[in-house]
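In: give the three-dimensional model of this entry:
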Amino acid sequence: MINRVIIVGRLTRDPELRSTPSGVNVLTFTLAFDNKNKNADGTRGTSFINCTAWRQLADFVSKYCKKGSQIGVEGSLQERKYQRRDGTNASVIEIQVDGITLLGSKQANATTPNNSYSQQPSSSAFEQDTLLNDDDILGDDGDLADDDLPF
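Out: Residues are numbered from 1 along each chain as shown. Okay, here's the model as predicted:
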């Protein structure tokens, strides 16, 4: 089964960095992104999804991201079940983040040595040998060569 998601959006609030009782860093944040389809009035709606990052990735996000930052998130969907204060059961779908790419202006990200950080999922069947950037895919003029088109 494949469970991978990639979303580009903006942080709705500053990320919250906490530690588990065993000392593992965990970071939570909410990502807002525009919906693909337009509403009846012609505008695009916005969706919000909670995200969780762990360990070094949590440290990276807390250091370089803040409310309004545009980022790309890669990870897997996970359902978390909990009990509300009134005793009823509830669940939420959230992204367990495996990688982050800082987007937006280069000036805003100038303090980072590299605009992306990724940690390999512990139980993934995929291995990432090489990270490609736009220069690896696009030619010198920024366009794809006809030979590179998949159709």
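In: and the lengthiest helix in the chain, what does it pack against?
Out: Assignment by DSSP state H gives helix 55-64 as the longest helix of the chain. If you count contacts as 3 or more C-beta pairs under 8 Å, 6 or more residues apart in numbering; DSSP states H and E, helix 55-64 packs onto strand 16-19, strand 25-38, strand 89-102, strand 116-118. (C-beta placed from N, C-alpha, C; glycine too.)
In: which SSE is immediately downstream of that helix?
Out: Per DSSP states H and E, the first helix or strand lying C-terminal to helix 55-64 is strand 70-83.
In: buried ones in that next one, by neighbour count?
Out: Neighbour counts over strand 70-83 (16 or more other C-beta atoms under 10 Å) mark 70-76 as buried.
In: please apply the same query to stretch 12-24.
Out: For stretch 12-24, by 16+ other C-beta under 10 Å, it's 15, 17.
In: contacting residues around it?
Out: 25-32, 48, 54-55, 58-59, 61-62, 65-67 (C-beta atoms under 8 Å, 6 or more residues apart in numbering).
In: picking up where we left off before, relative to Thr43, which of the buried residues of strand 70-83 is nearest.
Out: Thr43 lies nearest to Gln70 out of the buried residues of strand 70-83, by C-beta to C-beta, at 19.9 Å.
In: would you confirm that that closest one contacts Val8?
Out: Yes: if you go by C-beta atoms under 8 Å, Gln70 and Val8 touch, sitting 7.1 Å apart.
In: now the common contact residues for the two.
Out: Shared contacts of Gln70 and Val8, defined by C-beta under 8 Å, 6+ apart, are found at Leu103.
In: and the closest residue to Asn37 other than its chain neighbours, how far from Arg85?
Out: Once flanking residues are discounted, Asn37 sits nearest to Arg44: 7.5 Å by C-beta to C-beta, 6 or more residues apart in numbering. From Arg44 across to Arg85, the span is 34 Å (C-beta to C-beta, to the nearest Å).
In: so these two - more neighbours on which side?
Out: Neighbours were counted for Arg44 and for Arg85 using other C-beta atoms under 10 Å; Arg44 has more, 12 against 5.
In: from Thr12, how far off is that one?
Out: According to C-beta to C-beta, Arg44 stands 16 Å off from Thr12.
In: next: Glu94.
Out: Remark: distance between Glu94 and Thr12 (C-beta to C-beta) = 14 Å.
In: equivalent analysis for Gly75, please.
Out: 17 Å.
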